[in-house]
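> Sequence first, then the predicted structure:
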Amino acid sequence: MTDVRIGIIGGGLMGRELVGVCGRWDLLVDHPARARVVAVADPAPAAREWFACVDSVTTLTDDWRHLVGSDDIDVLYIAVPHDLHEEIYTAAAQAGRDFLAEKPFGIDRGAAERVVTAIDASSAFVRVSSEFPFYPGAQRAYAYAASGALGDILDVRAGFWHSSDLNRAKPINWKRRAKTCGPVGVMGDLGLHVAHMPLRLGWRPVSVYARLDDVVSERPGPDGTLVACDTWDNALLVCGVHPRAGGRDFTMLWETRRIAPGHVNTWFFNAVGMDGGVRFSTRQPTLLHRFRLDGSEHVWEELQPGNVSSWPVVSGAIFEFGFGDALLQMWASYLAERAGALGDRFGTATPAEALDAHRVFDAALRSWQGQGLAAP
């Protein structure tokens, strides 16, 4: 087992979640790596202060460049505002530093393309954060769709709905400003979660028609004065797909919503074809629904995927799976693939998939700006 020293650039919520993931690493069975957080870079003293209590952390700094250049770190986790992605990701790639990145790859399509070019020219092993497909039900849905059991596909719906912005009095932050979040808004924040499985299945959109919605256009600033909230809160993309594996063209909906009343944090994937169908939602994480034809009868059957994860764990299959488990599985996937030991397991999102997703979001923006049907 190889010890992997992780440095976090951006000590926010997901960086703190990574500390929890490392603390549960012994749940994994026969994994080739052991992960621990040893360094954190963040310009905010309060953010660094939280990590000062973590025993494994020996370096706290306000300068991310210190971590990129450090030989005492094996892998970086970079979780910073979108306007900083291009500079930091490119620097890490050029330094040959392996890293797991947050989505999207830059503030706009051009930035994403430049980041991927830098990664492709480097020796760095890079993947992108997208944990929801690692739920056991999602894994089963993916395997069923990939098996060809759906037959000629009719339609696909993938989405991520939550209500982080339902409260109109919530103060503005960097995710609610186009200058720091990017022109694609919520699609940059949540979109790769939606795109990861369809793209892995070879369902890359060739056309996009979009409906974007800026629901709350003003939010309180630091002094309570209302300021412009100029990013897209919700996005519905109607995509035309010509599958790589052949078969008929079909329609696919991608939905990203920061304002979805009744949904605290719901990720879902539904696909239906002439011969079968599958649907899974984190709202009912213990259930997987599968469609089949029984003669002339249309049968939706309910299965319980259990705690049977991509990478085996000591927990019994009868126990329930949660968000923290999905994060553990994503990191296990990333570090196993880095070690050349992933095998045929489902892999973490790739830079190419992140760029493909950003191209779709850019097409959605152009579609909504008056160009109608747009090509990624």
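In hand now; what should we look at?
> just the strands in the stretch 151-300 of the chain please.
Ranges of strands in the stretch 151-300 of the chain, per DSSP state E, counting those that start in this stretch, are 153-162, 205-213, 218-220, 226-228, 234-241, 250-257, 265-273, 276-281, 288-294, 297-303.
> Point out the most buried one among those strands.
Neighbour counts (mean count of other C-beta atoms under 10 Å) averaged over each of the strands of the stretch 151-300 of the chain peak at strand 276-281, with a mean of 23. The C-beta positions use only the backbone N, C-alpha and C, and glycine is treated the same way.
> how big is the angle separating that strand from strand 297-303?
40 degrees (axes from the mean of the first three to the mean of the last three C-alpha atoms, to 10 degrees).
> Identify all contacting residues around strand 276-281.
Strand 276-281 has contacts (C-beta atoms under 8 Å, 6 or more residues apart in numbering) with 135, 137-138, 140-141, 144-145, 149-151, 266-271, 287-293, 300.
> Likewise for stretch 368-376?
204-212, 356, 359-360, 362-364, 366-367.
> helix, strand or coil for the residue nearest the centre of the chain?
Nearest to the geometric centre of the chain sits Ser130, at 2.6 Å (C-alpha atoms, centre = their mean). What DSSP: H, G, I helix; E, B strand; the rest coil gives for Ser130 is coil.
> Against Gly182, how distant is Ala375?
Shown here: Ala375 relative to Gly182, a distance of 20 Å by C-beta to C-beta, to the nearest Å.
> Over to Asp362?
10 Å.
> Specify which residue of the two has the higher count of neighbours.
More crowded of Asp362 and Gly182, by other C-beta atoms under 10 Å: Gly182, with 28 against 20.
> mind checking pLDDT for that one?
We have a pLDDT of 95 for Gly182.
> What separation do you get for it and Ser122?
Plainly put, Gly182 is 23 Å away from Ser122 if you go by C-beta to C-beta.
> Helix or strand: which one has Phe99?
strand 98-101 (DSSP states H and E).
> for Val19, same thing?
Secondary-structure assignment from DSSP H and E places Val19 in helix 13-23.
> Packing partners of the helix or strand following that helix?
Using DSSP H and E, the helix or strand that follows helix 13-23 towards the C-terminus is strand 33-41. Judged by 3 or more C-beta pairs under 8 Å, 6 or more residues apart in numbering; DSSP states H and E, the packing partners of strand 33-41 are strand 2-9, helix 13-23, helix 45-51, strand 59-61, helix 64-68, helix 323-338.
> one more time with 6 Å
When contacts are defined as 3 or more C-beta pairs under 6 Å, 6 or more residues apart in numbering; DSSP states H and E, strand 33-41 sits against strand 2-9, helix 13-23, strand 59-61, helix 64-68.
> All set now, cheers.
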